[in-house]
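*Asks:* would you be able to build a 3D model of this:
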Amino acid sequence: MISPPLTTPLRSTPLRSPVLWGVLALWFLAIMTLVQRGAFVGAEGSVPFPLAAAATIPPLVYLLAYRTLAPLRAWVAALDLAWIVGAQTWRVIGIVFLFTWAAGDLPTIFALTAGLGDLAVGAFALIVTLAVATRAAGWQDKVRLLVIVGMADFVAAFSTATLSGVGFPLYIASEGTPQLMLQSPLTMIPAFGVPLFIILHLISWQKLRHEG
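*Replies:* Reported below is the predicted structural model:
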């Protein structure tokens, strides 16, 4: 009897790479160290450029590495798209913004935009994951929509966080300020979680071009 091809284990093997987890661990520890040293804390009412850099530089580095390193492209090609899309379900962790807002520590427009946006993306990611895993009709379009909505959520969250700060148009004196997002532990979400999820979106888009 001929055994069926073991496609799922082989395609999930890259996720067990010690290099992958080593890079993630070093990146996480580097950001945590910067957070503990207050590297992202700026003057109230200023644009959080250090935090914006932490969120955007890693995805740019990934794109550069993907274009120049054949082993990285081969590694990405071996990944299971369903696993990559499924990782976006962790976006539901954004519910922490709603709890923090309920405690009066974050501005309403930012907390609702980021919190509800992350919950919606996380829930949609579960639907898309099932569609990808079963190759249901329209799964490619669902992946594209998830990437677009997921990236838009980050843009909206960063924009409302900035604009609701002291001295900006959406600031309300009776509410909390987004300054809390520049302090531990919440800073780990935009400084580490956001760029990681952006990279996963980029991988999803790249794989879709080859598999869709």
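
*Asks:* buried stuff in the lengthiest helix in the chain?
*Replies:* Longest helix of the chain, by residue count under DSSP state H: helix 108-134. Of the residues in helix 108-134, 109-111, 113-115, 117-122, 124-125, 128-129, 131-133 count as buried by neighbour count, 16 or more other C-beta atoms under 10 Å. To be clear about C-beta, it is placed using only N, CA and C from the backbone, and glycine gets the same treatment.

*Asks:* for it, what does the pLDDT average out to?
*Replies:* The average of the pLDDT scores along helix 108-134 is 97.

*Asks:* next, the buried residues of the helix or strand that it is followed by.
*Replies:* Next helix or strand after helix 108-134 toward the C-terminus (DSSP states H and E): helix 139-163. For helix 139-163, a neighbour-count test (16+ other C-beta under 10 Å) marks 139, 142-143, 146-147, 150-151, 153-154, 157-158, 160-162 as buried.

*Asks:* repeat that for stretch 70-89.
*Replies:* Neighbour count says stretch 70-89 has 75-76, 79-89 buried, by 16+ other C-beta under 10 Å.

*Asks:* go on, stretch 38-48?
*Replies:* So, applying 16+ other C-beta under 10 Å, buried residues of stretch 38-48: 39-42, 48.

*Asks:* need the residues that contact it.
*Replies:* Here stretch 38-48 makes contact (C-beta atoms under 8 Å, 6 or more residues apart in numbering) with 34, 49-51, 54, 161-162, 165-168, 177, 179, 181-183, 187, 191.
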